[in-house]
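Undergrad: could you look at this predicted model? Sequence included:
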Amino acid sequence: MTSLEDLDQLAARVPDGALLALAPDYSWVPMAAVRALIRRRVKGLHLLAVPISGLAADMLIGAGCVGTLEAAAVSLGEAGPAPRFSDAVESGAIKMRDSTCPAIHTALQAAEKGVPFMPLGGLVGSDLVSHRDDWKVVDDPLGRGGGPIVLLPAIRPDVVMFHSPRADVHGNVWIGRRRELMTMAHAAKSTLVTVETVEDEDFLADDATAAGTLASLYVTAVAKAEGGAKPLGLAGYYERDLAHIRAYAKEAATAEGFKRYLAREVLGQPARAAS
Amino acid sequence: MNETNVMNAARHSPEEFLIATIARLLGGAGHVAVGALSPIPGCAALLARELGGGRPRVSIIHGDANNPFTDGGRELFDCAGQGRIDVFFLGGAQIDGGANINLVGAGGYPRPRKRFPGSFGSALMYFVVPKVILFAPEHSRRVLVKKVDFVSAPGTSPPEVRRPGGPTALVTGLCLMAFDAATKRFRLESVHPGHTVEEVRDNTGFDFDVPEDVPETPPPDADRLALLRTKIAAEIAKTYPDFAARVFGHVTIA
């Protein structure tokens, strides 16, 4: 049964050292929950970007919450490079496992199917492969002349977190066309969702909503967090605040500036679960 | 057309020039896909679609406008693996003479001197899309290097590797080059107006082939510029409002 909690209870469900998966900045990122995680001083996260990240990863890294990062890229998009990420990789403060977008999707699909690995095309000859001791290049095992191919181990996140506009009272969660969230939840051991509203409906009762719904079967807990993706956007509900993100990029360019941002925007703020 | 319009049509911004140059490479394609943070290739694809009466089909993976994908982040890569994408664009913080691209970092690995965002989807897309156009607006020895520090995706592969795709062209702020997978070399195709072959050589860290006569890259004509500043500006503004405002003066009304 899906549990309805407040934001801090939700954040308490992410243990230190967890393999935490987050979607890209355009895909319903739970920024209020990310701030709650930073406030609870989570440590040693193995952060998986599915398959890229931006503000969320940069803040978690800057706040010292991340031990290992696996990602195909981290960037603030139009606002430029992700400063705390670049700094942490250049200084060796975090362990970086470089990947490529389709490899992360494929590894999650393996976990989704409950199989130990999946093959993926391309990749052969990329330095990504030589630096990944968990990836393996094999000759086409079926002997049908497919040539060398890369096998990727399944990735099973401990926790997936995202923010959705709406859940229903049964714990079903609307994802619309953001179907990477579906794959992530299927692959993960637990899925934590923040929402704008909890509606007195059953999303599974109508095909029009059922097709874009993650069933409560996969949802561990839901917390209400109005504006829970801000300053990122929630497509169809509110736009990202590009001015805020640009100002962040500038301020977080130095460790001192980032500390200032953190004190003002995260640590100095009460949990906004009830707002 | 009054005198002011003639003046405007004759003059173009560097972005408009690059858009028109890339658009000329898209003739005959059935499906052009454009990745994240690529407003110039995006405009080029939309311009080609407009000039082609709806062909090529254009898919932009950034926001919901012109984005047909409904099966999550993986669908672009699955679609490419199925052979349904004819043209894609990649950049490179470093690109070398063998068309190897580096999106990871300058200096050592895993602790580079300068870290870049990361490889994105390049390590698959470069292999499976038949025509990958490399786009590097900054034409310098910093970007166009003798040998990349990290191979995000290799320019060519040995024959036993299944590789239906790869690089075919490189568009920079100075010139257009073609890539030949057989010789593993770039060849200078044309130099943009106001620049010279010597300037291209001086600012390129790798060797490339230069034919006896190197033409000048043609500028966009008045019709194309007019299209860009009206229809294409409005269309790309759905994906990149800031770019549309800066380059075309297009104001999005919320």
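TA: Perfect, thanks for sending it.

Undergrad: got the contact list for the closest residue to A:Ser216 other than its chain neighbours?
TA: Excluding its sequence neighbours, the residue lying closest to A:Ser216 (CB to CB, 6 or more residues apart in numbering or on different chains) is A:Gly171, at 3.4 Å. All C-beta atoms are positioned from the backbone trio N, CA, C, and that covers glycine. Counting by CB atoms under 8 Å, 6 or more residues apart in numbering or on different chains, A:Gly171 makes contact with A:Met1, A:Thr2, A:Leu4, A:Ser216, A:Val219, A:Val222.

Undergrad: please apply the same query to A:Ser216.
TA: Counted by CB under 8 Å, 6+ apart, A:Ser216 has contacts A:Met1, A:Thr2, A:His170, A:Gly171, A:Asn172, A:Val173.

Undergrad: most surrounded residue in those?
TA: Highest neighbour count within the contacts of A:Ser216: A:Val173, with 28 neighbours (other CB atoms under 10 Å in any protein chain shown).

Undergrad: and the pLDDT for that residue?
TA: At A:Val173, the predicted lDDT confidence score is 98.

Undergrad: including secondary structure, could the contacts of A:Gly171 go into a markdown table?
TA: Formatted as a markdown table, the contacts of A:Gly171 follow (DSSP: H, G, I helix; E, B strand; the rest coil):
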| residue | secondary structure |
| --- | --- |
| A:Met1 | coil |
| A:Thr2 | coil |
| A:Leu4 | strand |
| A:Ser216 | helix |
| A:Val219 | coil |
| A:Val222 | strand |
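
Undergrad: for those residues, which one is nearest chain B?
TA: Distance to chain B across these (CB to the nearest CB) is lowest for A:Val219, with 17.4 Å.

Undergrad: what's the separation between the closest one and B:Gly166?
TA: Distance of A:Val219 to B:Gly166, computed by CB to CB, to the nearest Å: 43 Å.

Undergrad: A:Glu180 too?
TA: Applying CB to CB, the value for A:Glu180 to B:Gly166 is 27 Å.

Undergrad: can I see the domain layout of chain A?
TA: Here the domain assignment for chain A is A:3-99+A:156-267, A:118-153, based on automatic domain parsing.

Undergrad: could you look up the SS state of A:Asp58?
TA: A:Asp58 - assigned by three-state DSSP - is helix.

Undergrad: neighbours around it, how many?
TA: If you count neighbours by other CB under 10 Å, A:Asp58 ends up with 28.

Undergrad: repeat that for B:Thr183.
TA: 10.

Undergrad: A:Gly77 reaches A:Asp25, doesn't it?
TA: Yes. Using CB atoms under 8 Å, A:Gly77 is in contact with A:Asp25, at 6.7 Å.

Undergrad: now do the shared contacts for the two.
TA: By CB under 8 Å, 6+ apart, the residues touching both A:Gly77 and A:Asp25 are A:Gly54.

Undergrad: those two - which one has more neighbours?
TA: The neighbour comparison of A:Gly77 against A:Asp25 (other CB under 10 Å) goes to A:Asp25, with 27 against 20.

Undergrad: skipping its backbone neighbours, what lies nearest the more buried one in space?
TA: Using CB to CB, 6+ apart, the nearest residue to A:Asp25 is A:Gly54, at 3.9 Å.

Undergrad: quick one: contacts for the one you found?
TA: A:Gly54 makes contact with A:Pro24, A:Asp25, A:Val74, A:Ser75, A:Leu76, A:Gly77, A:Ala82, according to CB under 8 Å, 6+ apart.

Undergrad: now, which of the residues you listed sits nearest A:Leu142?
TA: A:Pro24 (34.2 Å; CB to CB).

Undergrad: number of nearby residues for the closest one?
TA: Residues near A:Pro24, counting by other CB under 10 Å, number 27.

Undergrad: does it fall in a helix, a strand, or a coil region?
TA: coil.

Undergrad: what are the ranges of the strands in chain B?
TA: Taking DSSP state E as the criterion, chain B carries its strands at B:31-34, B:57-60, B:87-90, B:94-96, B:101-102, B:105-106, B:114-115, B:131-136, B:144-145, B:167-172, B:175-180, B:185-191.

Undergrad: sketch out the low-pLDDT regions of chain B for me.
TA: B:1-10, B:253-254 (pLDDT under 70).

Undergrad: using the record's domain definitions, break it down for me.
TA: B:1-89+B:221-254, B:91-206.

Undergrad: distance to A:Asp8 for the ones you listed - can I get that in CSV?
TA: Shown next, in CSV, are the domains of chain B (distance: least, CB to CB, whole Å):
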stretch, distance to A:Asp8
domain B:1-89+B:221-254, 30
domain B:91-206, 32
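
Undergrad: just to revisit the earlier point, separation between the residue nearest to A:Asp25 and A:Leu20?
TA: 15 Å.

Undergrad: return the most buried member of the strands of chain B.
TA: A comparison of those by mean neighbour count, using mean count of other CB atoms under 10 Å in any protein chain shown, puts strand B:101-102 on top with a mean of 28.

Undergrad: now do the helices in chain B.
TA: Using DSSP state H, the helices assigned to chain B run over residues B:3-10, B:14-23, B:39-51, B:75-81, B:122-128, B:197-202, B:222-227, B:233-237, B:241-248.

Undergrad: kindly report the same for chain A.
TA: For chain A, applying DSSP H gives helices covering A:7-11, A:31-39, A:55-62, A:83-91, A:101-113, A:127-130, A:180-187, A:207-210, A:242-251, A:255-262.

Undergrad: of the helices of chain B, which is nearest A:Thr194?
TA: Closest among the helices of chain B, using CB to CB: helix B:75-81, at 25.4 Å.

Undergrad: lowest confidence element among the helices and strands of chain A?
TA: When the helices and strands of chain A are scored by mean pLDDT, DSSP states H and E, strand A:3-5 comes last with a mean of 87.

Undergrad: can you name every helix or strand that that one contacts?
TA: With contacts taken as 3 or more CB pairs under 8 Å, 6 or more residues apart in numbering or on different chains; DSSP states H and E, strand A:3-5 sits against strand A:221-224.

Undergrad: neighbours of residue 235, how many?
TA: Reading this off chain A. A:Ala235 has 17 nearby residues by other CB under 10 Å.

Undergrad: wait, chain B was what I had in mind.
TA: B:Glu235 sits with 21 neighbouring residues when counted by other CB under 10 Å.

Undergrad: fine by me, thanks again.
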